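**Q** Just to be clear, the model below is a prediction. Sequence and coordinates:
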Amino acid sequence: MKFTNKIPLLLQKMLKSAFLLTVFVIVGIILLLITKHITSPAIKQAHLKTMKIAFNQVLPAKKYDNIPFKDKKIITDMASFKTNLPITIYRARKNNKPVALIIETIAPDGYSGNIKIMIAIKMDNSISGVRVIQHKETPGLGDKIEINKNHWITKFNGLKLNNNLSQWKVKKDGGQFDQFTGATITPRAVVKAIKNTLIYVQKHQKELYD
Amino acid sequence: MIKQRLQDYQQIAKQGLWTNNQAIVALLGLCPLLAVTNNTVNGLSLGLATMAVVIISSVLVSLIRDHVPDDIRIPVFVAIIASAVTIIDLLMDAYLHTLHGILGIFIPLIVTNCAILGRAEAYASKNSIDKSFIDAFFVGTGFALVLILLGASREIIGNGTLFDQMHLLFGEFGKNMTLYMPESFQPALLAILPPGAFIGLGLMVAIKNAMDIKKQNKKINNLNIKITTAPVTNK
């Protein structure tokens, strides 16, 4: 008697299907693992390059000699940043001496959700540069916070907190920063996030470099 | 023999590009289509990625079509498509990093593009490899062309530019490709907002249908049918 006769036909069919499906999935997984293995160094490098370009926009590359991307600290502080999302802080140093903090902060109250902002703050607590790195604001109105749409974001360069806290608002709220026609919420959120970050750094500067 | 084959290919090409265009006739894969087409570079990139996936999956499906039992064909097709998409996703992340960041979720979402499973199921699983390849190529091109056209028109009307940010796809070479509308042109913001996508796609479907109807009418007129009424005879 043949072996196959012992198993009912339906079961035979099911086993064959299961076997074939497994084979196809395994082949697929192997292909994916190979691709992942080949591309993962390139992905890491591309990510590093993107970060470097972003860093260069807020802090001139010649000011530091370490790799801030690898010298980072992640904090969450609901009270200071008004968001539970992690805030990443990169430390720029020259000859092992602290130079500036590059902070990837989040403005949680944009017109369409979170606005990701990168701020470099020097040792004297003044701003070296600010860039919006990710947002979903309305194109044509709120997106003037992007550097390639408008120079608005460069107005923060060199500013300090001093004792003029009341000035850290958009003009409509009695502060010093322009809002855009048709978009007040967006710049208001950005100004607030930058102010909060400055306050936080002023309070915690020493420990942030540790 | 060869002539017959070429004729077949021509038929397939016409189907994929026009008569059965997946985007404006079958109306498949609209989610990514509507979401990313706010400029040309996004449309072109997603179009190319979709085209690559449909070609890879169709050829593979056609290759294994005789070895897969009917009951498990759909899961097998999905596994093939998902693998192809993930490979494209990883490659884009590695070599077109910024663009990958912009298109974001819509690259993995190609898996759920019904047009691709549709081609695998309706065509590649029943036809030879060469035909499946030609079919996938033209279906992919037809889909990509709609994405590019929609992206370009929305960019021109809504932003007043054409081919902006092409460097994301072509590197240094693409930096000088941007064309600007004259200064006096007032961009209509609506075009790059979500409603613009629906209006644009709707217009494209309408224009396509209008062209088809016009052609149909011409054909009927050319036939020059003389309608004669038969005399009614009463007995």
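**A** Sure thing, it's come through.
**Q** can you list the residues that contact stretch A:39-49?
**A** Residues from elsewhere that reach stretch A:39-49, judged by C-beta atoms under 8 Å, 6 or more residues apart in numbering or on different chains: A:Phe69, B:Leu90, B:Leu91, B:Asp93, B:Ala94, B:Tyr95, B:His97. Every residue, glycine included, has its C-beta placed from N, CA and C.
**Q** Among those residues, which one lies nearest to B:Leu147?
**A** Of all the contacts of stretch A:39-49, B:Leu147 sits closest to B:Leu91, with 19.2 Å by C-beta to C-beta.
**Q** and the closest one, how many residues sit next to it?
**A** The number of residues packed near B:Leu91 is 18, by other C-beta atoms under 10 Å in any protein chain shown.
**Q** thought it was touching A:Leu32?
**A** No. The pair B:Leu91 and A:Leu32 does not pass the contact test of C-beta atoms under 8 Å, sitting 11.7 Å apart.
**Q** Tell me the residues on chain A that lie near chain B, please.
**A** Taking C-beta under 8 Å from any C-beta of the partner chain as the contact definition, chain A meets chain B at A:13, A:16-17, A:20-21, A:24-25, A:28-29, A:31-32, A:35-36, A:39-40, A:42-43, A:46-47, A:49-50, A:138-141.
**Q** again, only using 7 Å
**A** By the rule C-beta under 7 Å from any C-beta of the partner chain, the part of chain A lying against chain B is A:16-17, A:20-21, A:24-25, A:28, A:31-32, A:35-36, A:39, A:42-43, A:46-47, A:50, A:139-140.
**Q** Could I have the ChimeraX command that selects the buried members from the residues you listed?
**A** Under the burial definition 16 or more other C-beta atoms under 10 Å in any protein chain shown, those of those that qualify are selected in ChimeraX by:
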select /A:17,20,21,24,25,28,32,35,39,43,46,139,140
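**Q** just checking, which of the residues of chain A next to chain B belong to helices?
**A** When these are checked against helices (DSSP state H), the matches are A:16-17, A:20-21, A:24-25, A:28, A:31-32, A:35-36, A:39, A:42-43, A:46-47, A:50.
**Q** what residues are up against the spatially most central residue of chain B?
**A** Nearest residue to the geometric centre of chain B (C-alpha atoms, centre = their mean): B:Phe143, 0.5 Å. Contacts for B:Phe143 (C-beta atoms under 7 Å, 6 or more residues apart in numbering or on different chains) come out as B:Gln22, B:Ala23, B:Gly29, B:Gly47, B:Thr50, B:Ala115.
**Q** same deal with B:Leu168?
**A** Counting by C-beta under 7 Å, 6+ apart, B:Leu168 makes contact with B:Val41, B:Thr98, B:Leu99.
**Q** Most neighbours among these, which one is it?
**A** B:Val41 (25 neighbours).
**Q** that older thread, specify which member of the contacts of stretch A:39-49 is nearest to B:Ala13.
**A** Nearest to B:Ala13 among these is B:Leu91, at 27.2 Å by C-beta to C-beta.
**Q** Leaving out sequence neighbours, find the closest residue to that closest one.
**A** Of all residues not flanking B:Leu91 in the chain, A:Thr39 sits nearest, at 6.2 Å (C-beta to C-beta, 6 or more residues apart in numbering or on different chains).
**Q** thinking again about what came up before, show me just the buried residues among the contacts of stretch A:39-49.
**A** Here, 16+ other C-beta under 10 Å leaves A:Phe69, B:Leu90, B:Leu91, B:Asp93, B:Ala94, B:His97 buried among those.
**Q** of all the residues you listed, which comes closest to A:Ile194?
**A** Closest to A:Ile194, out of all of the buried ones among the contacts of stretch A:39-49 and judged by C-beta to C-beta, is A:Phe69, at 21.9 Å.
**Q** And for the closest residue in space to that closest one that isn't next to it in sequence, the neighbour number?
**A** Of all residues not flanking A:Phe69 in the chain, A:Met51 sits nearest, at 5.0 Å (C-beta to C-beta, 6+ apart). Neighbours of A:Met51 under the rule other C-beta under 10 Å: 18.
**Q** Do I have it right that A:Met51 meets A:Lys70?
**A** No. The pair A:Met51 and A:Lys70 does not pass the contact test of C-beta atoms under 7 Å, sitting 10.1 Å apart.
**Q** Mind listing the shared neighbours of those two?
**A** By C-beta under 7 Å, 6+ apart, no residue touches both A:Met51 and A:Lys70.
**Q** where do the strands sit along chain A?
**A** A:72-75, A:87-94, A:97-110, A:113-122, A:127-134 (DSSP state E).
**Q** From start to finish, how long is stretch B:163-181 in a straight line?
**A** Stretch B:163-181 has an end-to-end distance of 12 Å (criterion: C-alpha to C-alpha, to the nearest Å).
**Q** buried ones in it?
**A** So for stretch B:163-181, counting by 16+ other C-beta under 10 Å, buried means B:Phe163, B:Asp164, B:Gln165, B:Met166, B:His167, B:Leu168, B:Leu169, B:Gly174, B:Met177.
**Q** Give the full set of residues in contact with A:Met118.
**A** A:Met118 sits next to A:Ala54, A:Val58, A:Ile102, A:Glu104, A:Arg131, A:Ile133 when contact means C-beta under 7 Å, 6+ apart.
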